[in-house]
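In: predicted model and sequence below, questions to follow.
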Amino acid sequence: MNRAALPDQASTQAVAFDQLFWTMVGFSVLIVLLVGALIFVFSLRFRARTGVPRKSVAVLESRRVEIFWTAATAFFAVFFFWYTSTVTLDTVEAPPDAMEYHVEAKQWMWKTRHPSGVREINAMHVPTGRPVTVFLNSQDVIHSFFVPAFRIKKDVVPGRTSTVWFEATKPGTYPLFCTEYCGTNHAVMTGEVTVMTPADYAAWLETRAEGETLAATGARLFTEAGCSGCHAEASQVHAPDLSGLFGRDRPLANGDIVTADTAYIRDAILLPERDIAAGFEPIMPNFTGILEDGEVEALVAYIRTLGQEGLGQ
Amino acid sequence: MSATDAHGHIEQEPDYLGAGHSIRSWLLTTDHKRIGILYLGTLIIFFLIGGAAATFIRLELATPEGDLVTADTYNRLFTLHGVIMVWFFLVPAVPSTLGNFLLPLAIGARDMAFPKLNLASWYINLAGGALALAALLLGGVDTGWTFYTPYSSLYSNSYVTLAALGVFIAGFSTIATGLNFIVTVHTHRCEGLTWMRLPLFVWSLYATSIVIVLATPALAIALLMVVMERLFSLGLFDPAQGGDPILFQHIFWFYSHPAVYIMILPGFGVVTEVLTCFSRRKVFGYEAMVFAILGIALFGFFVWGHHMFVSGQSAYASLIFSLLSFLIAIPSAIKVFNWSATLYGGHITFEASMLYALGFVGLFTLGGLTGLFLASIPIDVHMHDTYFVTAHFHYIMVGGMVSAFFAGLHFWWPKITGRMYSELWARLAALLMFLGFNFTFFPQFILGYMGMPRRYHSYPPEFEMWNVLSSAGAVILAVAYLMPIVYFSVSLLRGPRAGDNPWQARGLEWQTSSPPPRENFGPLPVVTREPYDYHAADEEPTAREGELNFPTRSETEFRE
């Protein structure tokens, strides 16, 4: 593909995007030609010195014309909304079998962790043909994860986990940019996403030192940081059992009901005094400042796996 | 100048320029016309400062490496450019200069409803501008004009507090001007000037004022929250304290999207006045134009979420914001089509202000259409925070608004100064501005589609070609912007007298002398007809009486 004006098209989203994009470009060109022609032709034909007759435009007729183009514009506005939204709705949720990558953004680098635990900095290797969900966390300010060749982008907001997903289709190396201004070296907070065939990807993984998966790190921390002292099944302390928790609705002491998602679990670790689970004393210590950056995400990832096991039983 | 003309005849009443010559008579004036001139003075200074920053940005981006200035300096340059251009140029550009000067004239009034508040607005604007400039001189601000948290509130080591306070204070000036306009339009219209007889320029200023008064407080709150968080660690946006960084974006864009309409609506008004005058036609679909202005002002409040499609806001919220953003295209399209239709059957001449106005329609159309791309969620996901967005809003703000501002300045210059300028140079500048603008900003659409992010000090080499083109275009644009300074200065010093109504325009402001007397009118006018009565509704438009004969210098008497 011509690199001078067109970005690579390397994901399933990119194909859908380009279809939409060029349809709208076509429509826009038509409108620009229409308006340009109106202005140009009228300017030429009715310039002061020409002797063409200037028939006055009757009031009724102009009303009709106005109604016509208001209706036409309204139709196109709603049509394009419908046309683009259907694409949006199709791609909100990642397929359930997606591979899970974890990406930590910090001023000014990307730290990625593969499903197998392999870690990279400012780089990411993915296989073709498999949906990939990227879990995004920031250690400082807002960054944004943008791979133009995939036509995907997601802000990485501190204090919450965002996700974005894609399915790569074409092997190659594609740039990764930070697109939310994040300070001095924003412009060099870039990286590369390498797309490989599944066979190449498997071979590549072989060459890498086996790392700890994020959930495994979390499991280790669960003991080391003392979580298991209260939350393990054998514990004497009256604390919520975490297996099967993730994704469930939880009643709170104040009568509200919340879904135990990543944001809730994160807050429960860092701000335990805020949302007290119904039936429990507010005895959980606050872990702000005790856990390092990235450790909370590891714990959340571990608790997610507990949830999946719980649901599986 | 004095109360006598060159032949020693006593004039009936000195014009507003002759009403006093001391610095004091300017700095303590309550004459809306002089306040308009004061604003024009500060506005030009701010435009030149913001333009200088843009020049450095384009120079830096002429090569992929970050070799001209350091990354920190670059970040301060685009922040300077944004803060100054948005709040100290674009927002006050038309309302505070042309609006201040012309609103009372256009509705047959002797002054604003609150002349002293009007002067106070200028001083408040000056104070805010001084604070912002101080922040920039002390070492600058590096947050971007959007001040996104938590970068601005917790991480930036620059003069954020000072700059935010500067913008905060300038906001009061804008609100005061907006209030003044609203009350003036309600209470000071002359006899017979009903709402549906108001020129669209007045309607657009009125709608702008309402948006200003309702939206600006949200900006004030957002900025104050950032200042509070910086000074007292309030934790509003700090996730470690349970704050939410996204909250800032909601409040900020609740102001800043309507602010886009604060900037562009007055341009709609100016362009309508100019197009009708130089095509000798009634505006096509007056009522539709009024409702389109009001509709845009109203809808503008409900689309802020389209700035946040990738921030993690709920997909369903995004859908609603997307729909509303598509719908706001309808009144905008009505305006474009009505302007085009206004040309039909006219007797069109192409004075400089007409060229600017026609350029406005074209550039606004392109800016508006690319807005549809950004209203559509999947496309915005790719385009968000890339040069596509930069190009889009420069088409609206610079291609649209600045063209409209220049159209207005050329149109009313004879009224404001009483003198003509070189029509030839002015037309040349208008053409050059249109060409230079497209040359500068069209390549940025392509850069955005290719994926080049905004606010990048250096960039990968595959983006080089389009950046070089854009920087080359910026040179043309800079020349086109500097040209009016020259020929307007020449006009001030030795321009031929304009006469009261050189364009044979129909607005009330043209029925008084040029420059207008201190009290604007002798006896106040009484309006008996519709606006833009270049021809009766059921009659053919007629050509202007005689050729437009600009007086040459030799026929002119000079003031002493």
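Out: Done, it's in.
In: what is the neighbour count of B:Met452?
Out: The number of residues packed near B:Met452 is 26, by other C-beta atoms under 10 Å in any protein chain shown. The C-beta positions use only the backbone N, C-alpha and C, and glycine is treated the same way.
In: my read is A:Phe166 is in a strand, agree?
Out: Yes. A:Phe166: assigned to a strand according to DSSP: H, G, I helix; E, B strand; the rest coil.
In: tell me the contacts of it?
Out: Going by C-beta atoms under 8 Å, 6 or more residues apart in numbering or on different chains, A:Phe166 touches A:11-13, A:131-132, A:134, A:147, A:150, A:152.
In: A:Ala77 is in contact with B:Ser332, isn't it?
Out: No. Between A:Ala77 and B:Ser332 there is no contact under C-beta atoms under 8 Å: 10.1 Å.
In: rewinding a little: nearest to chain B among the contacts of A:Phe166?
Out: Using C-beta to the nearest C-beta, A:Ile152 comes nearest to chain B of the contacts of A:Phe166, at 6.5 Å.
In: for the closest one, phi and psi?
Out: In terms of degrees, to the nearest 10, the main-chain angles of A:Ile152 are phi -120, psi 150.
In: ok, so what distance separates it from A:Thr262?
Out: 19 Å (C-beta to C-beta, to the nearest Å).
In: show me the strands in chain A, by range?
Out: Using DSSP state E, the strands found in chain A span residues A:99-106, A:109-113, A:119-121, A:123-127, A:131-138, A:143-147, A:152-156, A:162-167, A:172-178, A:190-196, A:249-251, A:257-259.
In: briefly note if the fourth one comes near chain B.
Out: Spelled out, it's strand A:123-127. No. Residues of strand A:123-127 contacting chain B under C-beta under 8 Å from any C-beta of the partner chain: none, with a closest distance of 15.5 Å.
In: and residue 95, what does it touch?
Out: This is for chain A. So A:Pro95 contacts A:131, A:165 (C-beta under 8 Å, 6+ apart).
In: nope, chain B please
Out: So B:Pro95 contacts B:177-178, B:181, B:205, B:208-209, B:212, B:262, B:266 (C-beta under 8 Å, 6+ apart).
In: who has more neighbours out of A:Ala77 and B:Ser332?
Out: A count of neighbours by other C-beta under 10 Å puts B:Ser332 above the other of A:Ala77 and B:Ser332, at 24 against 20.
In: was I right about the more buried one contacting B:Ile296?
Out: Yes. The pair B:Ser332 / B:Ile296 is scored as a contact, 6.6 Å apart, by C-beta under 8 Å.
In: what is the rounded mean pLDDT of the helix ranked longest in chain B?
Out: Ranked by number of residues, the top helix in chain B under DSSP state H is helix B:245-279. What helix B:245-279 shows for mean pLDDT is 94.
In: so does that helix get close to chain A?
Out: Yes. Contact of helix B:245-279 with chain A (C-beta under 8 Å from any C-beta) involves B:245-246, B:279.
In: quick one, which of those residues are buried?
Out: Neighbour counting with 16 or more other C-beta atoms under 10 Å in any protein chain shown marks B:245-246, B:279 as buried within these.
In: ok, so of the contacts of B:Pro95, who is nearest chain A?
Out: B:Pro266 (21.6 Å).
In: what sits against that closest one?
Out: B:Pro266 neighbours (C-beta under 8 Å, 6+ apart): B:93-95, B:98-99, B:201, B:204-205, B:208, B:404.
In: switch the cut-off to 10 Å
Out: B:91, B:93-99, B:201, B:204-205, B:207-209, B:401, B:404-405, B:408 (C-beta atoms under 10 Å, 6 or more residues apart in numbering or on different chains).
In: before we move on, the earlier item: deepest-packed of the strands of chain A, please.
Out: Mean neighbours per residue, mean count of other C-beta atoms under 10 Å in any protein chain shown, is largest over the strands of chain A for strand A:143-147, with a mean of 28.
In: in its sheet, which strands sit next to that strand, and in what direction?
Out: Strand A:143-147 has its sheet partners listed here by DSSP bridges as strand A:152-156 (antiparallel), strand A:172-178 (antiparallel).
In: wait, which of the ones you listed is closest to A:Glu93?
Out: strand A:152-156 (14.0 Å; C-beta to C-beta).
In: between that closest one and strand A:162-167, how many degrees?
Out: 160 degrees (axes from the mean of the first three to the mean of the last three C-alpha atoms, to 10 degrees).
In: need the contacts of A:Phe166 in TSV (columns: pLDDT).
Out: Shown next, in TSV, are the contacts of A:Phe166 (pLDDT from 0 to 100):
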residue	pLDDT
A:Ser11	92
A:Thr12	89
A:Gln13	87
A:Pro131	94
A:Val132	95
A:Val134	95
A:Val147	96
A:Phe150	94
A:Ile152	93
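In: what is the nearest of those residues to B:Asp538?
Out: Nearest to B:Asp538 among these is A:Gln13, at 57.2 Å by C-beta to C-beta.
In: can you report how many residues lie near that closest one?
Out: A:Gln13 has 25 nearby residues by other C-beta under 10 Å.
In: thought it was touching A:Arg151?
Out: Yes. Counting by C-beta atoms under 10 Å, A:Arg151 is a contact partner of A:Gln13 at 5.0 Å.
In: between A:Ala77 and B:Ser332, which contacts overlap?
Out: With C-beta under 10 Å, 6+ apart, A:Ala77 and B:Ser332 have common neighbours B:Leu372.
In: picking that back up, nearest to B:Leu447, of the contacts of B:Pro95?
Out: B:Ile262 (27.8 Å).
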